[in-house]
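Chemist: just coords:
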């Protein structure tokens with residue numbers, strides 16, 4: 001039995017069926033895909049409301065795209081982007097060596113004070129050295145792990161005595177950069193260093209986009225599993241005993257299986273009643289693993305007009321609402337700017353009325369790319385914090401002290417209950433690649449548990 005039909009659950013169910021096992025895939029929503037979620041605009045254009053990028057080293061995901069005959073194209077980085085700082089837009093080209101960049105930009109082209117740029121690059125280098133010390137599969141074993149886990153990112157930044165510019169790129173990584181959705185005071189330096197050890201920005205995780213949207217992968221997987229996939233089937237309880245598991249569904253139905261793979265975000269696992277109960281350290285870890293606060297924004301235009309000014313649509317900087325924009329336009333298609341409202345910006349934005357929410361986004365788009373950007377043909381605001389079966393995005397994070405106190409249990413099964421979902425991965429967690437890895441790893445654990453015998 002697999003609980004959760006996001007990408008990780010879909011991959012796990014497919015792999016188990018390929019091994020000759022009988023599988024049922026249960027999904028609480030009325031759709032499959034989880035955070036791999038597509039949408040058709042009124043114009044017929046398909047876009048991704050969830051994740052959309054393919055990384056240069058996302059080999060499993062690239063293999064799936066090739067298997068399904070889905071083409072990819074490079075994210076548009078030609079020309080110059082904009083780094084907004086202290087009320088001014090600084091134009092610069094993209095530096096593809098992330099370690100030498102100032103948040104992806106060529107630092108020497110930004111026109112910022114040389115001393116501040118030097119200080120920024122020096123602090124980035126100190127952080128990069130910390131990242132090298134973190135074992136991807138056991139961050140609690142890093143050198144000086146307890147000290148790194150008990151100081152917040154913000155506390156460490158203040159302790160460096162660095163200026164505002166130098167601190168910004170590290171803080172940006174927590175809100176938007178891959179791990180995403182939390183503020184520097186909410187998590188530890190160890191956690192942020194781990195995110196960059198297992199999902200490094202220097203490996204270009206936003207290298208490609210998928211023609212027609214990444215959500216086609218979930219659609220193809222779900223179609224292959226159609227006979228074994230049930231929607232609107234939330235699992236409320238999992239009981240173990242007599243060599244198997246019993247799953248109680250919200251509708252009152254009870255199902256039996258030899259094992260269960262739970263492929264849902266960590267906070268949602270707390271909504272399932274386990275018998276025997278989860279070990280206290282597991283419950284404590286889940287209580288300290290909230291989802292990031294994230295809203296995805298897609299602004300769609302007749303054409304990517306910013307390119308006509310030699311701009312590539314990459315915008316980074318501490319604007320009130322949007323800290324990042326990226327050109328997501330397909331070759332020959334309409335212009336698309338993807339953006340994100342993250343962390344406390346998302347929390348504040350959610351308190352606004354609908355018209356104010358839209359105005360806040362359009363105002364920042366205009367600040368980034370001019371008045372034309374404030375008049376999109378379509379504006380999509382996907383608030384993942386309102387998704388009751390996700391409760392946030394891109395992924396979960398852990399609070400200070402959680403890794404060194406509870407970390408060793410992170411990937412351990414609970415008897416015949418095995419964990420999947422992108423958060424269970426030790427490589428590219430928070431990305432599609434991590435979801436695939438975790439799904440395959442869970443299937444392998446089931447196979448080992450059952451000794452190769454048939455099971456549902």
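Modeler: Structure's in. What do you need? Quantities reported herein were computed from a predicted structural model and do not represent experimental measurements.
Chemist: residue 12: what secondary structure?
Modeler: Going by DSSP: H, G, I helix; E, B strand; the rest coil, the secondary structure assigned to residue 12 is helix.
Chemist: burial check on residue 42, number of neighbours?
Modeler: By other C-beta atoms under 10 Å, the residues close to residue 42 number 7. From N, CA and C alone the C-beta is placed, and that goes for glycine too.
Chemist: got the contact list for it?
Modeler: residue 378 (C-beta atoms under 8 Å, 6 or more residues apart in numbering).
Chemist: immediately after the helix or strand in which residue 93 is found, which helix or strand?
Modeler: If you go by DSSP states H and E, residue 93 is part of strand 88-93. Sequence-wise, the next helix or strand downstream of strand 88-93 (DSSP H and E) is helix 114-132.
Chemist: could I get the buried residue list for the helix or strand following that next one?
Modeler: For helix 114-132, the following helix or strand on the C-terminal side (DSSP H and E) is helix 145-150. Neighbour counts using 16 or more other C-beta atoms under 10 Å place 145, 148-150 of helix 145-150 among the buried residues.
Chemist: what mean pLDDT does helix 145-150 get?
Modeler: When pLDDT is averaged along helix 145-150, the result is 98.
Chemist: report the distance from it to the chain centre.
Modeler: On the basis of C-alpha atoms, centre = their mean, to the nearest Å, the separation between the geometric centre of helix 145-150 and that of its chain is 24 Å.
Chemist: which positions in the next helix or strand after it come out as buried?
Modeler: Scanning forward in sequence from helix 145-150 by DSSP H and E, the next helix or strand is helix 153-159. Neighbour-count burial for helix 153-159 flags 153-154, 156-157 (criterion: 16+ other C-beta under 10 Å).
Chemist: of those residues, which is the nearest to residue 424?
Modeler: Nearest to residue 424 among these: residue 153, at 23.2 Å, using C-beta to C-beta.
Chemist: isn't the closest one up against residue 190?
Modeler: No - between residue 153 and residue 190 there is no contact, the gap being 9.5 Å when judged by C-beta atoms under 8 Å.
Chemist: which residues do these two both contact?
Modeler: Common neighbours of residue 153 and residue 190, counting by C-beta under 8 Å, 6+ apart, are absent.
Chemist: what is the end-to-end distance of stretch 372-384?
Modeler: Stretch 372-384 stretches 27 Å from its first residue to its last (C-alpha to C-alpha, to the nearest Å).
Chemist: quick one: buried residues of it?
Modeler: For stretch 372-384, a neighbour-count test (16+ other C-beta under 10 Å) marks 373-374, 376, 379-384 as buried.
Chemist: do stretch 406-418 as well
Modeler: Using 16+ other C-beta under 10 Å as the test for burial, stretch 406-418 gives 406-407, 410-411, 413-414, 416-418.
Chemist: the helices in this protein, which residues?
Modeler: Remark: helices assigned in the chain by DSSP state H are 7-18, 59-67, 114-132, 145-150, 153-159, 164-175, 189-198, 215-224, 266-269, 280-287, 344-350, 354-369, 402-406, 432-450.
Chemist: nearest to residue 139, of those helices?
Modeler: Using C-beta to C-beta, the helices of the chain put helix 189-198 closest to residue 139, at 4.2 Å.
Chemist: ok, residues contacting the closest one?
Modeler: For helix 189-198, contacts defined as C-beta under 8 Å, 6+ apart pick out 127-128, 130-136, 139, 142, 145, 148-149, 151-153, 155-156, 170, 173-174, 178-179, 397-398, 400, 402-404, 425-430.
Chemist: can you do 7 Å?
Modeler: In this structure, residues lying in contact with helix 189-198 by C-beta atoms under 7 Å, 6 or more residues apart in numbering are 130-131, 134, 136, 139, 142, 145, 148-149, 151, 153, 156, 173-174, 178-179, 397-398, 403, 426-429.
Chemist: repeat for stretch 61-69
Modeler: Applying C-beta under 7 Å, 6+ apart, the contact partners of stretch 61-69 are 54, 72, 210, 217, 220, 432-433, 436.
Chemist: partner residues bridging residue 326?
Modeler: Bridge pairing for residue 326 (DSSP bridges) gives the partners residue 338.
Chemist: residues contacting it?
Modeler: Counting by C-beta under 7 Å, 6+ apart, residue 326 touches 75, 206, 313-314, 338.
Chemist: next up, the contacts around the closest residue to residue 349 other than its chain neighbours.
Modeler: Spatially, and ignoring its direct neighbours in sequence, residue 349 is nearest to residue 341 (5.2 Å; C-beta to C-beta, 6 or more residues apart in numbering). Listed by C-beta under 7 Å, 6+ apart, the contact partners of residue 341 are 295, 297, 321-322, 349.
Chemist: cool, thanks, signing off.
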